[in-house]
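K.L.:
build me a model:
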Amino acid sequence: MQPAPQTLGRRERNKQEKLDRITAAARELFTQYGVDEVTTQQVAEKADVGSGTLFLYAKTKAELLLLVHNMKYAEALASGVEAASTEKAILDAVMAIISPIIECNRVQIENGRTYLKEIVFGDPAEPHHAEALSLTIRTEEAIAEILGRDDQLVARDPAKLARIISSIMFVSMSSSATMGFTDAQVGDEIRDQISVLLGA
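P.N.:
Numbers count the residues shown, from 1 in each chain. Presented below is the predicted three-dimensional model:
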């Protein structure tokens, strides 16, 4: 009776090891060359897996990009939420959440823009896309929680305001107009727009 769980555990460990190798390989190649210049075959070779194995984890290059960026986004969001907990001013706390997301999204700007487009236009039934949507919802919830500290903003519906802030963030990070901006300049543009929205 006991060997079955051990076999299952080993299988799961092997799957996780392959996923880790695929993710690391994709991250390195996408960062070095840009997602448009990398093929799934190159990722498979670098991860030392077959193409068929790669497709078990990500069926397209877009899904592979979502897989890589979702991990980075989750880490940035966690960092931002922690930083926001020490900020007293509403606008400062909101920007504490957003700033790490800006930074992680702009490590390779074209990859970041492609990632945001995939979130908006990709297939929500695809698991990595669904995870990306979940991350955006968690971001909006974290922002709404901060907005809920202010009675005047509570009356204006923090969840709806957070959705607008999320839209501001997406447009500013994916716009061609901000491609030449530094992370700080993108942050300043987003901050200015949020300030107007909140009446700060």
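K.L.:
which strands or helices does whichever strand or helix holds Ala24 pack on?
P.N.:
Under the criterion of DSSP states H and E, Ala24 resides in helix 3-33. Of the remaining helices and strands, those touching helix 3-33 by 3 or more Cβ pairs under 8 Å, 6 or more residues apart in numbering; DSSP states H and E are helix 40-47, helix 51-57, helix 61-84. To be clear about C-beta, it is placed using only N, CA and C from the backbone, and glycine gets the same treatment.
K.L.:
those: which one's closest to Arg163?
P.N.:
When these are compared by Cβ to Cβ, helix 61-84 sits nearest Arg163, at 16.1 Å.
K.L.:
buried ones in the helix or strand that comes right after the closest one?
P.N.:
As assigned by DSSP H and E, the chain's next helix or strand after helix 61-84 is helix 90-105. Burial within helix 90-105, assessed by neighbour count using 16 or more other Cβ atoms under 10 Å, is assigned to 90, 93-105.
K.L.:
got the contact list for the most centrally placed residue in the chain?
P.N.:
What sits nearest the mean C-alpha location of the chain, by Cα atoms, centre = their mean, is Tyr73, with 3.1 Å. With contacts defined as Cβ atoms under 8 Å, 6 or more residues apart in numbering, Tyr73 is in contact with 101, 104-105, 132, 135.
K.L.:
so Ala84 touches Ser99, yeah?
P.N.:
No - look at Ala84 against Ser99 with Cβ atoms under 8 Å: they stay out of range, at 9.7 Å.
K.L.:
give the other helices and strands that the helix or strand encompassing Lys117 contacts.
P.N.:
Per DSSP H and E: Lys117 is located in helix 109-121. Helices and strands touching helix 109-121, by 3+ Cβ pairs under 8 Å, 6+ apart, are helix 61-84, helix 90-105, helix 127-147, helix 158-174.
K.L.:
output the second one as PDB, restricted to C-alpha atoms.
P.N.:
Extracted C-alpha coordinates of helix 90-105, given in PDB (Å, rounded to 0.1, in the frame of the first residue of the first chain):
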ATOM      1  CA  ILE A  90      -3.300  56.600   0.700                       C
ATOM      2  CA  LEU A  91      -1.500  57.600  -2.500                       C
ATOM      3  CA  ASP A  92       1.900  56.500  -1.200                       C
ATOM      4  CA  ALA A  93       0.500  53.200  -0.200                       C
ATOM      5  CA  VAL A  94      -1.100  52.600  -3.600                       C
ATOM      6  CA  MET A  95       2.200  53.500  -5.300                       C
ATOM      7  CA  ALA A  96       4.100  51.200  -2.900                       C
ATOM      8  CA  ILE A  97       2.000  48.300  -4.500                       C
ATOM      9  CA  ILE A  98       2.400  49.500  -8.000                       C
ATOM     10  CA  SER A  99       6.100  50.400  -8.100                       C
ATOM     11  CA  PRO A 100       7.500  46.900  -7.900                       C
ATOM     12  CA  ILE A 101       5.100  45.800 -10.600                       C
ATOM     13  CA  ILE A 102       6.300  48.500 -12.900                       C
ATOM     14  CA  GLU A 103       9.900  47.500 -12.200                       C
ATOM     15  CA  CYS A 104       9.300  43.800 -12.900                       C
ATOM     16  CA  ASN A 105       7.300  44.500 -16.000                       C
END
